[in-house]
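Student: Below is the structure, and that's it, no one-letter string:
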């Protein structure tokens, strides 16, 4: 098994041209109009949107290969640091902090999540905002059959027409979903296989985590169109103080 977070070229090919989250995240960055901290900044897809606003930007991630891409492309315009979201200390505070693109789901236990939120609270200025976006658990996805399903439709990678196929295994007790990705290249499944885990957090659990760490939810949405969250919403987007 390979680690997708050690292959920034493939990761970026998979997620090229995604901007569905740009407007909401930049809206709150502009509203705070101050220093910004992105947690799990990856290769800098969202970093660029913040930097283009002219705001002071810091990004942290626990993947050095991903950070290397960010530094290469944006290093002179922002600060990029190697840190674990579960426990970090930057010795400064920020006006806007966000975790985009489901990265919070890498907190696999309650303790991981609480530690992450506590670290965030320590770094948030009085009156500042914290935004996090994650999937809303979908039973039709979590309890699929064991066969391969399309995870990402066709994309170009190393000059080839590729798809990412996946299967998953969900543990009801731990609420952890284990995903296995297999790369299809020019119509044929390759031996290039990646595996990672995500913790599924339901809205009531997020409410409890925020309450326990002293956050107050200011707004919540069910998608990037800022529609109200309900049981059919694909996402959970929280804006907190």
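Tutor: Sure thing, it's come through. What you see is a predicted model, and the numbers here were worked out from it, not measured in a lab.
Student: I'd like the average pLDDT over the longest helix that the chain contains.
Tutor: Scanning the chain for the helix with the most residues, using DSSP state H, yields helix 110-123. Averaged over helix 110-123, pLDDT sits at 98.
Student: go on, stretch 29-36?
Tutor: Here the average pLDDT along stretch 29-36 is 98.
Student: Look at that stretch and report the distance between its end residues.
Tutor: End-to-end distance of stretch 29-36 (CA to CA, to the nearest Å): 7 Å.
Student: re earlier: which other helices and strands contact the longest helix of the chain?
Tutor: strand 36-39, strand 94-99, helix 203-212 (3 or more CB pairs under 8 Å, 6 or more residues apart in numbering; DSSP states H and E). Placement of C-beta: from N, CA and C, glycine included.
Student: Buried ones in the last one, by neighbour count?
Tutor: Applying a neighbour-count criterion of 16 or more other CB atoms under 10 Å, the buried positions in helix 203-212 are 203, 206, 209, 210.
Student: hmm, back to that, what does the longest helix of the chain contact?
Tutor: 37, 39, 85-90, 92-94, 97, 104, 107, 130, 199, 201, 209-210, 212-215 (CB atoms under 8 Å, 6 or more residues apart in numbering).
Student: again, only using 6 Å
Tutor: 85, 86, 87, 88, 93, 94, 97, 107, 130, 209, 213, 214 (CB atoms under 6 Å, 6 or more residues apart in numbering).
Student: that older thread, for the helices and strands packed on helix 110-123, which one sits closest to residue 222?
Tutor: helix 203-212 (9.5 Å; CB to CB).
Student: What mean pLDDT does that closest one get?
Tutor: Per-residue scores along helix 203-212 average to 98.
Student: So what touches that helix?
Tutor: With CB under 6 Å, 6+ apart, helix 203-212 has contacts from 113, 217, 236.
Student: Tell me where the model's unsure across the protein.
Tutor: Filtered on pLDDT under 70, the chain yields no residues whatsoever.
Student: Would you map the helices across it?
Tutor: Under DSSP H, the chain gives helices at 8-14, 22-32, 45-51, 64-74, 110-123, 139-142, 203-212.
Student: Contact partners for the closest residue to residue 42 other than its chain neighbours?
Tutor: Nearest residue to residue 42 in three dimensions, chain neighbours excluded: residue 66, at 4.8 Å (CB to CB, 6 or more residues apart in numbering). Contact analysis of residue 66 by CB under 6 Å, 6+ apart lists 8, 42, 43.
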